[in-house]
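# Attaching a predicted model along with its sequence, questions to come.
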Amino acid sequence: MLSDTSLPVIKATLPVVGEHIEEIAKRFYKHMFEARPDLLDGLFNRGNQADGRQQQALAGSIAAFAGLLVDNVDEVPDHLLSRVAHKHVSLGLRPDQYQIVHDNLMWAIVDVLGDAVTPDVAAAWDEVYWLMANMLINKERGLYNAVHLSPDTIWRTWRVAEKIQETDDVVRFVVERIDEREVKPSLPGQYVTIKMRMHDGVHQPRQYSLTKADDGQHRQFAVKRVHGLETPDGEMSNLLHNEVQVGDEVVLSAPFGDVVLEYTDRPLVLASAGIGITPMAGMLSHLVKSGSQRQVIMLHADDSQASFPLRGQVGEDLAALPDGTLKTWFLNPTPGGSASGSEFSGFMDVGAVDLPDDAEYYLCGPLPFLKSVRSALVAGGVPAKDIQYEVFGPDLWLADFQ
Ligand code: HEM
C-alpha cells in the first residue's frame with residue numbers, strides 16, 4: 001500500500017517520530033485550536049483534551065498505522081480503523097475536516113523535528129496520513145450511507161420522559177421521540193453521542209451506551225457522575241445529573257459503535273465492571289427481545305451490591321432468558337452473599353467460574369480491568385478473536401504502539 005519511495009523513509013523516521021509523538025500531538029492540537037476554535041464547540045471533548053488522552057489517541061494511532069504499514073505491507077488494520085470511524089460518525093465528522101487535521105499535523109511534525117523533515121520525509125508522512133484518512137473517510141461514508149444519514153442529519157431532539165436514580169452515582173434517562181422521523185435502529189452494544197450546551201455557552205459531546213433494545217419510541221442510557229464539578233470530565237455528567245429534568249429536551253446522535261453482539265448460537269460471556277455494565281445491559285435487552293436461546297453468563301464486578309447499576313433490569317433480563325446466569329464480585333461483599341455461590345468478594349477472577357467452551361466474550365470496564373480479564377481469558381485458552389471489548393474514553397491501548 002505504501003509506495004516504494006515512501007516505505008524506506010517511513011521505516012527510517014518512524015523511531016524519531018514515535019519518540020516525539022507526545023510533543024507533536026501537543027503542538028498539533030494547540031496550533032489547530034488556535035486557528036479553529038470552532039472545533040472545540042460541539043466536536044472535540046475538552047475533558048479528553050485537558051488530560052492529553054485524545055492528543056495521544058489521534059497522533060499515536062497515525063504512528064501505529066505507519067508501524068503496521070512498515071511491518072506488514074499489505075494488511076489493512078481494520079480493527080484499529082473501525083472504532084475510530086464509528087466514533088467520528090457519532091460526532092458528525094465531515095470529509096473536508098481531514099484537510100484541517102492534515103495541515104496542522106504536518107505543521108507540528110516540522111515544528112518538532114525541524115530540519116530532519118526534508119521534502120522526502122514530509123512527502124512520505126503525507127502519504128501515510130492520506131492513506132489512513134482516505135480509509136477512514138470511506139468507512140465513515142459507508143456508515144452514514146448504511147443508515148441513510150449525513151453529518152448534518154445524525155442529530156435529533158428527544159424529550160426526557162423519565163430520570164431514574166439507579167445508584168448513588170448513576171442515573172438512567174429514558175427519552176422519547178418528539179417528531180415523526182423514523183427512529184434509527186440500534187445494534188446491541190451501540191452508543192449515542194449526546195450534545196449539550198455547557199455553562200460557558202460551549203457545546204460538548206459525550207458518548208453513552210444504549211441500555212435497552214429499541215421500541216421505536218424511546219432511547220435509554222445511564223450516566224455515571226464524574227466527581228469534580230469544575231473538571232472538564234465532570235461537567236457533562238454533573239449537568240445531566242443536576243440540571244436535566246423530566247420534560248427537558250436533549251440532542252442525541254443516531255446510534256453507532258463497532259462493538260456489537262453477533263447473532264450466533266454460541267454461548268455468550270459478558271464481563272463488566274462498574275458503569276461498564278451499560279453496553280452489556282443493552283445486549284441482554286436485545287437478546288430477550290429477539291427471543292434468544294443462547295447460554296448467557298454475565299460476570300460483573302462492582303464496589304458493592306448497592307453500587308451495581310441497572311442490576312434490576314439485568315437480573316430480570318437474565319431470568320427471562322432460557323439459560324442466563326449472573327456472577328458478581330464485590331469489593332464490599334453483601335453479608336451472607338457468598339452463600340448463594342454466585343457472589344464472590346474482591347476483584348473479578350474468571351478462573352473461579354466454569355466457562356463454556358466455544359463462547360464469545362464481550363468485556364467493558366476500566367482499562368486495568370479489561371487488561372486483567374482479557375489476559376486471564378487468553379491464558380486460559382480463549383482465542384483472542386473471540387474476545388471483544390469496549391473502552392470508555394479514547395482507546396490508548398491501540399495507540400500505545402511503543
Ligand atoms: C477521535 C484518529 C481525523 C476529530 C479519534 C480517536 C482516534 C482518532 C484514534 C480516538 C478514538 C477512541 O478511541 O475513542 C484519527 C485519525 C485521523 C482523524 C487517524 C486522520 C487520519 C479526525 C478529524 C477530526 C477528528 C479530521 C475533526 C476535525 C475527532 C474527535 C474525536 C476523535 C472529535 C473524539 C474524541 C474526543 O473528542 O476526545 N480520532 N482522527 N479526527 N477524532 Fe479523529
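That came through fine. Keep in mind the model is a prediction, meaning the values are calculated, not measured.
# Close to the ligand: what parts of the stretch 101-250 of the chain are there?
Residues of the stretch 101-250 of the chain lying close to the ligand (Cβ under 6 Å from any ligand atom) are Val101, Tyr129, Met132, Ala133, Leu136. Yep, even glycine has a C-beta here, placed from its N, CA and C like the rest.
# what number of residues lie near the fourth one?
As a burial measure, the neighbour count of Ala133 was computed by other Cβ atoms under 10 Å and equals 17.
# ok, and the most crowded of the residues of the stretch 101-250 of the chain next to the ligand?
For these, neighbours tallied by other Cβ under 10 Å; top is Met132, 22 neighbours.
# Pull the contacting residues for that residue.
Shown in contact with Met132 (Cβ atoms under 8 Å, 6 or more residues apart in numbering): Ser61, Ile62, Phe65, Leu81.
# Of those, which is the nearest to the ligand?
In terms of Cβ to the nearest ligand atom, no member of those lies closer to the ligand than Ser61, at 3.7 Å.
# That closest one belongs to a strand, doesn't it?
No - Ser61: not assigned to a strand; according to DSSP: H, G, I helix; E, B strand; the rest coil it is helix.
# Pretty sure it sits against Val84.
Yes - shown here, Ser61 and Val84 form a contact pair, counting by Cβ atoms under 8 Å, at 6.7 Å.
# Pro322 is in contact with Val288, isn't it?
No - in this structure Pro322 lies outside contact range of Val288 using Cβ under 8 Å: 10.5 Å.
# who's more crowded, these two?
Set side by side, Pro322 and Val288 show more neighbours around Val288, with 19 against 10, by other Cβ under 10 Å.
# Give me the contact list for the one helix or strand the more buried one maps to.
Assessed by DSSP states H and E, Val288 sits inside helix 277-289. For helix 277-289, the external contacting residues (Cβ under 8 Å, 6+ apart) are 186-191, 208-213, 221-222, 257, 259, 261, 268, 270, 272, 294, 296, 298, 300, 308-310, 313-314, 317-318, 320-321, 324, 362, 364, 390.
# Sort out for me which of the residues you listed are in helices.
Under the assignment DSSP state H, the contacts of helix 277-289 contribute Gln313, Val314, Asp317, Leu318, Ala320 to helices.
# out of the residues you listed, which are buried?
Gln313, Val314, Asp317, Leu318 (16 or more other Cβ atoms under 10 Å).
# and the two most separated of those?
Farthest pair in these (Cβ to Cβ) is Gln313 and Leu318. Separation: 9.7 Å.
# Give me the neighbour count for the residue lying closest to Pro309 once chain neighbours are set aside.
Leaving aside its chain neighbours, Pro309 sits nearest to Val170 (4.1 Å; criterion: Cβ to Cβ, 6 or more residues apart in numbering). By the measure other Cβ under 10 Å, the count of residues near Val170 is 22.
# Next up, the contacts around Val170.
Ala222, Val223, Lys224, Arg225, Ile275, Pro309, Leu310.
# For those, which ChimeraX command selects only the ones that are buried?
Here is the ChimeraX command that picks out the buried ones among the contacts of Val170, judged by 16+ other Cβ under 10 Å:
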select :222,223,224,225,275,309,310
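# Would you map the strands across the stretch 301-402 of the chain?
323-330, 343-345, 360-364, 387-390 (DSSP state E, counting those that start in this stretch).
# Can you verify Lys163 is assigned to a helix?
No - the assignment for Lys163, made by three-state DSSP, is strand rather than a helix.
# How many neighbouring residues does it have?
Neighbourhood size, Lys163 [other Cβ under 10 Å]: 18.
# I figured it hits Val171, correct?
Yes - when contacts are counted by Cβ under 8 Å, Lys163 is listed as touching Val171 (5.9 Å).
# What residues of the helix or strand containing Tyr144 count as buried?
Using DSSP H and E, Tyr144 sits in helix 119-146. Using 16+ other Cβ under 10 Å as the test for burial, helix 119-146 gives 121, 124-125, 127-129, 131-133, 135-137, 139-140, 143-144.
# how many neighbours does Tyr361 have?
23.
# domain parsing for the chain?
6-146, 155-253, 268-401 (automatic domain parsing).
# Save those as CSV, and put in mean pLDDT too.
Compiled in CSV, the domains of the chain are given as follows (pLDDT from 0 to 100):
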stretch, mean pLDDT
domain 6-146, 89
domain 155-253, 93
domain 268-401, 92
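# Could you give the secondary structure assignment for the residue of the stretch 201-350 of the chain found nearest the ligand?
The nearest approach of the stretch 201-350 of the chain to the ligand comes at Pro205, 7.1 Å away (Cβ to the nearest ligand atom). Put simply, Pro205 is strand when judged by three-state DSSP.
# Just list whatever residues bridge to it.
Lys195 (DSSP bridges).
# tally of neighbours for Gly201?
Gly201: 7 neighbours (other Cβ under 10 Å).
# ignore the last one, Ile387
19.
# Can you give me every residue that contacts it?
So Ile387 contacts Tyr361, Leu363, Arg374, Leu377, Val378 (Cβ under 8 Å, 6+ apart).
# mind listing what Thr193 touches?
Shown in contact with Thr193 (Cβ under 8 Å, 6+ apart): Ser90, Leu91, Pro205, Arg206, Gln207, Leu252, Ser253.
# just to revisit the earlier point, and the helix holding Val288, which residues are buried?
Across helix 277-289, burial judged by 16+ other Cβ under 10 Å covers Ile277, Thr278, Pro279, Met280, Ala281, Gly282, Met283, Leu284, Ser285, His286, Leu287, Val288.
# Within reach of the ligand, which of these are there?
Checked against the ligand using Cβ under 6 Å from any ligand atom, these yield no neighbours at all.
# just the residues you listed now: which is nearest Asp115?
Nearest to Asp115 among these, with distances taken as Cβ to Cβ, is Pro279, at 48.0 Å.
# Contacts only, for the residue nearest to the closest one when sequence neighbours are not counted.
Leaving aside its chain neighbours, Pro279 sits nearest to Ser209 (4.1 Å; criterion: Cβ to Cβ, 6+ apart). Counting by Cβ under 8 Å, 6+ apart, Ser209 touches Gly189, Gln190, Tyr191, Phe221, Ala222, Gly257, Thr278, Pro279, Ala281, Gly282, Cys364, Glu390.
# what pairs with Ser209 across the strands?
Tyr191.
# And it, how close does it get to Val17?
34 Å (Cβ to Cβ, to the nearest Å).
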